[in-house]
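Trainee: Predicted model, plus sequence, below.
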Amino acid sequence: MALQAHLVELERKHKVLETELHDALVHLSTDDLRIVELKRRKLMVRDAIEKVKQTVGETLH
């Protein structure tokens, strides 16, 4: 159950980063480094989501 809660939290963080990135891209005054950092963080969270999903899948088998 703890893995499922962790997965939900990671998915929430991913959605928040997705929204922040979208907002940053809409505003032309956003610093390019900010956009790069948001993209990097979003990818890191996505990778963490995949690892948890893989772990959950392995524990079910």
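Mentor: Ah, there it is. Residues are numbered from 1 along each chain as shown.
Trainee: Which helix runs longest in this structure?
Mentor: Secondary structure of the chain per DSSP state H: the longest helix is helix 32-60.
Trainee: in that one, what counts as buried?
Mentor: Neighbour-count burial for helix 32-60, counted by 16 or more other C-beta atoms under 10 Å, picks out L38, R41, K42, V45, R46, A48, I49, V52. No exception for glycine: its C-beta is placed from N, CA and C like everyone else's.
Trainee: for it, packing partners?
Mentor: For helix 32-60, the packing partners by 3 or more C-beta pairs under 8 Å, 6 or more residues apart in numbering; DSSP states H and E come out as helix 2-26.
Trainee: per-residue confidence averaged over the helix it packs on?
Mentor: Model confidence over helix 2-26, given as mean pLDDT, is 95.
Trainee: Tell me the gap between stretch 17-31 and the middle of its chain.
Mentor: Averaging C-alpha positions (C-alpha atoms, centre = their mean, to the nearest Å) puts stretch 17-31 15 Å from its chain's average.
Trainee: how about that stretch as CSV, C-alpha atoms only?
Mentor: The C-alpha trace of stretch 17-31 is given here as CSV (Å, rounded to 0.1, in the frame of the first residue of the first chain):
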residue,chain,number,x,y,z
LEU,A,17,5.3,20.3,-12.9
GLU,A,18,3.4,19.9,-16.2
THR,A,19,1.2,22.8,-15.3
GLU,A,20,4.2,24.9,-14.2
LEU,A,21,6.0,24.1,-17.5
HIS,A,22,2.9,25.0,-19.5
ASP,A,23,2.6,28.3,-17.7
ALA,A,24,6.3,29.1,-18.2
LEU,A,25,6.1,28.4,-21.9
VAL,A,26,3.1,30.6,-22.3
HIS,A,27,4.8,33.6,-20.7
LEU,A,28,7.5,34.8,-23.1
SER,A,29,9.4,36.5,-20.3
THR,A,30,10.2,33.1,-18.6
ASP,A,31,13.9,32.4,-18.3
